[in-house]
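Asker: Pasted the sequence and its predicted model underneath.
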Amino acid sequence: MIETIYYGFLIGIGATLAMDAWAVIQNRVWRTPMPNWAMPGRWFAHLFKGKFFHEDIGQTAQVSGELVLGWLFHYGVGVLYGIVFLLLVGPEWLTEPDFLSAWVFAIATIMAGWFILQPGMGLGWAGSKTPAPWKSRGLGLVAHTAFGTGIWASGLLIG
């Protein structure tokens with residue numbers, strides 16, 4: 001069990017790094033804005049103050065260190081997903097990592113963003129209150145595909 005958690009931790013880090021690398025590529029090639037992890041950091045900090053839903057997280061009181069907290073939250077969730085993935089598929093997945101299971105899991109993880117984080121930050125269900133909801137959803141699915149690719153690649157490197 002400890003070994004599974006350890007390898008899941010590594011998979012989560014690798015997958016999150018892949019997602020971040022994809023964000024950099026999108027920014028450089030298509031000029032899409034980089035994620036602002038300060039806002040999820042602010043949202044996460046306000047959870048401890050009893051506030052889950054915000055009308056507009058950008059208008060909510062700033063929190064000291066929210067950018068660092070946002071990055072820690074981002075990588076913490078990635079690690080959690082890596083561990084959950086390996087617990088679901090079993091450590092034997094590492095002997096022959098397949099892309100499909102990694103990708104399906106990664107696509108499923110977008111549900112937390114769409115139905116917890118985004119409404120909590122005031123962006124609506126699945127980004128419905130963003131200026132271009134379908135573009136936001138599409139970019140999210142592509143980012144989570146990069147996350148799934150990172151799960152798979154990490155499995156190949158570990159295995």
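Answerer: Now that the structure is in, tell me what you want to look at.

Asker: Which residue is the nearest non-sequential neighbour of Val63?
Answerer: Ala45 (4.0 Å; CB to CB, 6 or more residues apart in numbering). Bear in mind the C-beta positions are built from the backbone N, C-alpha and C, glycine included.

Asker: got the contact list for that neighbour?
Answerer: Shown in contact with Ala45 (CB atoms under 8 Å, 6 or more residues apart in numbering): 63, 66, 69.

Asker: make it 10 Å
Answerer: 51, 60-66, 69-70, 73 (CB atoms under 10 Å, 6 or more residues apart in numbering).

Asker: what is the rounded mean pLDDT of the helix or strand hosting it?
Answerer: Here Ala45, judged by DSSP states H and E, is contained in helix 38-47. Across helix 38-47, pLDDT averages out at 97.

Asker: If we go by neighbour counts, what in the helix or strand just after that helix is buried?
Answerer: Next helix or strand after helix 38-47 toward the C-terminus (DSSP H and E): helix 66-89. Using 16 or more other CB atoms under 10 Å as the test for burial, helix 66-89 gives 66, 69-71, 73-75, 77-79, 81-83, 85-86, 89.

Asker: State the mean pLDDT of helix 66-89.
Answerer: pLDDT averaged over helix 66-89 gives 98.

Asker: Same question for stretch 142-150.
Answerer: The average of the pLDDT scores along stretch 142-150 is 98.

Asker: Identify the single longest helix in this protein, thanks.
Answerer: Identified as the longest helix of the chain according to DSSP state H is helix 2-30.

Asker: orientation of that one relative to helix 66-89 in degrees?
Answerer: Going by axes from the mean of the first three to the mean of the last three CA atoms, to 10 degrees, helix 2-30 is angled at 130 degrees with respect to helix 66-89.
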